[in-house]
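Novice: what would the 3D arrangement of this be:
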Amino acid sequence: MNNRFLLCLLLCAAMLYFAVPKLSPLASGPKGIFAISWLVFAFIVAAGNLSALLYSPKKNRNIKRTTHDTKRMRAR
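Specialist: Okay, here's the model as predicted:
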């Protein structure tokens, strides 16, 4: 699962690397609105994948139980 988040984060970084020089957020009209909205959505995607990568729950590891833990107490 972590590999998917890392792959998506790297793909998002690659898209940002190629797109940022071509976008002009200071332009007026629809060109500027598109550039700003594209950058905002790209950073949301990057933040979501980064947070999912950092805060994913740990897998349950198989912990050996002792015989004392697995025995049932008998009623007297």
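
Novice: tell me the contacts of the closest residue to residue 20 other than its chain neighbours?
Specialist: Computed as CB to CB, 6 or more residues apart in numbering, the closest residue to residue 20 that is not its neighbour in sequence is residue 39, at 7.6 Å. Yep, even glycine has a C-beta here, placed from its N, CA and C like the rest. Residue 39 is in contact with 20, 23, 25, counting by CB atoms under 8 Å, 6 or more residues apart in numbering.

Novice: pLDDT at residue 5, what is it?
Specialist: Predicted confidence (pLDDT) for residue 5: 87.

Novice: can you tell me the SS state at it?
Specialist: Recorded secondary structure, residue 5: helix (DSSP: H, G, I helix; E, B strand; the rest coil).

Novice: what's the local residue count around it?
Specialist: Around residue 5 sit 17 other residues, with neighbours defined as other CB atoms under 10 Å.

Novice: ok, for it, nearest residue in space, not its chain neighbours?
Specialist: According to CB to CB, 6+ apart, the nearest residue to residue 5 is residue 53 (4.2 Å).

Novice: buried set for the longest helix along the chain?
Specialist: What stands out as the longest helix in the chain, according to DSSP state H, is helix 30-54. Across helix 30-54, burial judged by 16 or more other CB atoms under 10 Å covers 35, 38, 42, 45, 46, 49, 52, 53.

Novice: so the fourth one makes contact with residue 11?
Specialist: Right, the one you point to is residue 45. No. Applying CB atoms under 8 Å, one finds residue 45 not in contact with residue 11, separated by 9.2 Å.
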